[in-house]
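Chemist: Pasting a predicted model and its sequence here:
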Amino acid sequence: MGIIAPPSLPKPFAATALVRGGGWRGRSVRVASIKAGASWEEEKPREECGVVGIYGDPEASRLCYLALHALQHRGQEGAGMVTVHNNVLQSITGVGLVSDVFSESKLDQLPGSLAIGHVRYSTAGQSMLKNVQPFVAGYRFGSVGVAHNGNLVNYRTLRSELEESGSIFNTTSDTEVVLHLIATSKHRPFILRIVDACEKIQGAYSIVFLTEDKLVAVRDPFGFRPLVMGRRSNGAVVFASETCALDLIEATYDREVFPGEVIVVDKNGLQSLCLMTHPQPKQCIFEHIYFALPNSVVFGRSVYDSRRQFGEILATESPVDCDVVIAVPDSGVVAALGYAAKAGVPFQQGLIRSHYVGRTFIEPSQKIRDFGVKLKLSPVRAVLEGKRVVVVDDSIVRGTTSSKIVRLLKEAGAKEVHMRIASPPIIGSCYYGVDTPSSEELISNRMSVEEIRDFIGSDSLAFLPFDSLKGCWGMTLPISAMPVSLGITLWNPGSLRSRGLGTLSTMD
């Protein structure tokens, strides 16, 4: 059986957890989105954003468009892009999917060899057009565009201070704080303005900036969120939240942007600056459990390999007599494959997911039980009937969806349903860029594993043990790089002190 958390949480530890939301299709690039009633994916961890940056390719806007498509799973509420042409920053943003926002004619309005792009799921700030990134602002020495993945934990404090000093905000997004900090910095060189801003912000951030002649990538000192760098065959430099975006536009993966690193790309080439102290990394393990695509490399490790190993561990530590292994699609599939292979039991497609259901729908007046889940997931009776079934899912958040899935499988004829969860129990809320229910809503925060099993109605339930999760990562990563931001966060936000600023004074 799984465990709820490590036995003790010392004072510096803070509870956290992670969540992401599903897809819906906006109708216009001119109207704000409306978040409507419950969908199946409301139960799932919701990633917040994906970012892209491209320098030195004449097809920058089209490549950025394709890269954003590859990152669509990281945010479906809005998309945007900024390019530079004739020293002018040009921007298009809109509500909905990348394909809703950009057309051939829209991309023709974004010429240039530099671009940044963003896909959004809101964590700080409401879902509306004005909050869709990238943001663009002018200041005394030029213009800057910014796209941000993460969440600033001291956003409200900084915003209040800036407003008291006369700053006027146009959005409810925490990212706008970064723009104001850059604009109000007393330093002249743009890179020093970024350093100045990063000294003040706390939390999780992987950011790309665009000026008239520079592309800049920045990652927070703890490396919470992923940010990778690659190159195309023509020498163009590409930054993206995941390597799947590099693959699509035929850019070769180079490396991660290091925690606390600032990379500046301009006509003089690429400069790497370690401007902030980087303590033990606190990389978000939910990138591997749920957020990232299986074909991505995140934090230097294959997401596919991680999920398959999680399933293998579950089969070893929580075995059960069964006839078939199935997955809750899509994020549970690879872990289910690992479980099935290790257990020597066939994997079959017992649940079919519909990819054409939006976040809003019209329910018939005669209420249908488990309507939202049934819209998304269809059981395959030929696979399930009369069988002892192991169903593998990536996580349990509130538990309501899991109970509906168990009931769905049993109604389709499953003799037994055994739930296996490819992550430890989630016991607290996250403050670092993931939309999370309150701790009171998290079922693992208020119930034991056996109580959860009884609540969801499964014949057995097991989570991936926390120690096993740490162990499988520890075999391939030095202990200082071990990701620990699952279920608990092992750090206390503190001040960020830059290093070696004197060496930057000559930079433009």
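Modeler: Thanks, I have it.
Chemist: next structured bit after the longest strand along the chain?
Modeler: The residue-count maximum for a strand in the chain (DSSP state E) belongs to strand 142-152. Downstream of strand 142-152, the next assigned helix or strand under DSSP states H and E is helix 155-164.
Chemist: relative to strand 142-152, how tilted is that next one?
Modeler: Counting by axes from the mean of the first three to the mean of the last three CA atoms, to 10 degrees, helix 155-164 lies at 150 degrees to strand 142-152.
Chemist: Name the residues that touch helix 155-164?
Modeler: 124, 152, 169, 174, 177, 180, 181, 184, 200, 201, 203 (CB atoms under 8 Å, 6 or more residues apart in numbering). The way it works is simple: take the backbone N, C-alpha and C, and place the C-beta from them, glycine included.
Chemist: Give me the nearest residue to the last one, chain neighbours excluded.
Modeler: In this case it means residue 203. residue 153 (4.0 Å; CB to CB, 6 or more residues apart in numbering).
Chemist: so residue 136 touches residue 143, yeah?
Modeler: Yes: between residue 136 and residue 143 there is a contact at 6.4 Å, judged by CB atoms under 8 Å.
Chemist: Where do the strands of the stretch 401-508 of the chain begin and end?
Modeler: 416-421, 460-463, 488-489 (DSSP state E, counting those that start in this stretch).
Chemist: Out of the ones you listed, which is the most enclosed?
Modeler: strand 416-421 (a mean of 25; mean count of other CB atoms under 10 Å).
Chemist: and that strand, what other elements does it pack with?
Modeler: Applying 3 or more CB pairs under 8 Å, 6 or more residues apart in numbering; DSSP states H and E, one finds that strand 416-421 makes contact with helix 303-317, strand 388-393, helix 400-411, strand 460-463.
Chemist: switch the cut-off to 6 Å
Modeler: strand 388-393, strand 460-463 (3 or more CB pairs under 6 Å, 6 or more residues apart in numbering; DSSP states H and E).
Chemist: Return the distance of that strand from the chain's centre.
Modeler: 26 Å (CA atoms, centre = their mean, to the nearest Å).
Chemist: strand partners of that strand, parallel vs antiparallel please.
Modeler: strand 388-393 (parallel), strand 460-463 (parallel) (DSSP bridges).
Chemist: Verify the stated contact: residue 392 with residue 336.
Modeler: Yes: if you go by CB atoms under 6 Å, residue 392 and residue 336 touch, sitting 3.8 Å apart.
Chemist: shared neighbours of those two, which are they?
Modeler: Residues touching both residue 392 and residue 336 (CB atoms under 6 Å, 6 or more residues apart in numbering) are residue 327.
Chemist: Quick one: distance of the longest strand of the chain to the chain centre.
Modeler: 16 Å.
Chemist: got it, and stretch 77-93?
Modeler: 22 Å.
Chemist: what's that stretch in contact with?
Modeler: Counting by CB under 6 Å, 6+ apart, residues outside stretch 77-93 touching it are 33, 61, 64, 68, 95, 98, 101, 106, 110-112, 114-122, 127, 132-134, 136, 143, 145, 210, 212.
Chemist: Outline the domain layout of this protein.
Modeler: Split into domains by automatic domain parsing, the chain comes to 1-17+304-353+371-492, 47-279.
Chemist: Indicate which one of the ones you listed is closest to residue 292.
Modeler: domain 47-279 (5.5 Å; CB to CB).
Chemist: I'd like the mean pLDDT over the closest one, please.
Modeler: For domain 47-279, mean pLDDT is 92.
Chemist: quick revisit: JSON lines for the helices and strands packed on strand 416-421, including distance to residue 81?
Modeler: Putting these into JSON lines (distance: least, CB to CB, whole Å) gives the following:
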{"stretch": "strand 388-393", "distance to residue 81": "35"}
{"stretch": "strand 460-463", "distance to residue 81": "40"}
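Chemist: Columns distance to residue 407 and mean pLDDT on top of these, output as TSV?
Modeler: Converted to TSV, the helices and strands packed on strand 416-421 look like this (distance: least, CB to CB, whole Å; pLDDT from 0 to 100):
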stretch	distance to residue 407	mean pLDDT
strand 388-393	12	98
strand 460-463	15	98
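Chemist: nearest to residue 370, of those strands?
Modeler: Smallest distance to residue 370 across those (CB to CB): 15.2 Å, for strand 388-393.
Chemist: what residues does the closest one touch?
Modeler: 322-328, 332, 335-336, 339, 414-421.
Chemist: which neighbours does the longest strand of the chain have in its sheet, and in what orientation?
Modeler: Checking strand 142-152 against DSSP bridges gives partners strand 135-139 (antiparallel), strand 203-210 (antiparallel).
Chemist: can you tell me which of the ones you listed comes nearest to residue 353?
Modeler: Going by CB to CB, the one of the strands paired with strand 142-152 nearest residue 353 is strand 203-210, 29.0 Å.
Chemist: Need the residues that contact that closest one.
Modeler: 51, 53, 82, 116, 144-153, 216-220, 224-225, 227, 239, 432-433.
Chemist: Give the buried residues for the host helix or strand of residue 92.
Modeler: Assessed by DSSP H and E, residue 92 sits inside strand 88-95. Using 16 or more other CB atoms under 10 Å as the test for burial, strand 88-95 gives 89, 90, 91, 92, 93, 94, 95.
Chemist: Redo the domains of the chain as TSV? Include distance to residue 286.
Modeler: Converted to TSV, the domains of the chain look like this (distance: least, CB to CB, whole Å):
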stretch	distance to residue 286
domain 1-17+304-353+371-492	6
domain 47-279	8
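Chemist: looking at these, which is closest to residue 289?
Modeler: domain 1-17+304-353+371-492 (4.6 Å).
Chemist: Tell me which strands the host helix or strand of residue 265 pairs with, and in which orientation.
Modeler: According to DSSP H and E, residue 265 maps onto strand 261-266. Applying DSSP bridges, strand 261-266 is found paired with strand 215-219 (antiparallel), strand 269-274 (antiparallel).
Chemist: In TSV, list those strands along with distance to residue 377 and mean neighbour count.
Modeler: Shown next, in TSV, are the strands paired with strand 261-266 (distance: least, CB to CB, whole Å; neighbours: other CB atoms under 10 Å):
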stretch	distance to residue 377	mean neighbour count
strand 215-219	36	27
strand 269-274	46	14
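Chemist: closest one to residue 75 among the ones you listed?
Modeler: strand 215-219 (18.4 Å).
Chemist: Give me the contacts around whatever helix or strand comes next after the closest one.
Modeler: Remark: after strand 215-219, the chain's next helix or strand is strand 228-231, criterion DSSP H and E. Residues from elsewhere that reach strand 228-231 (CB under 6 Å, 6+ apart): 237-240, 243, 246, 251-257.
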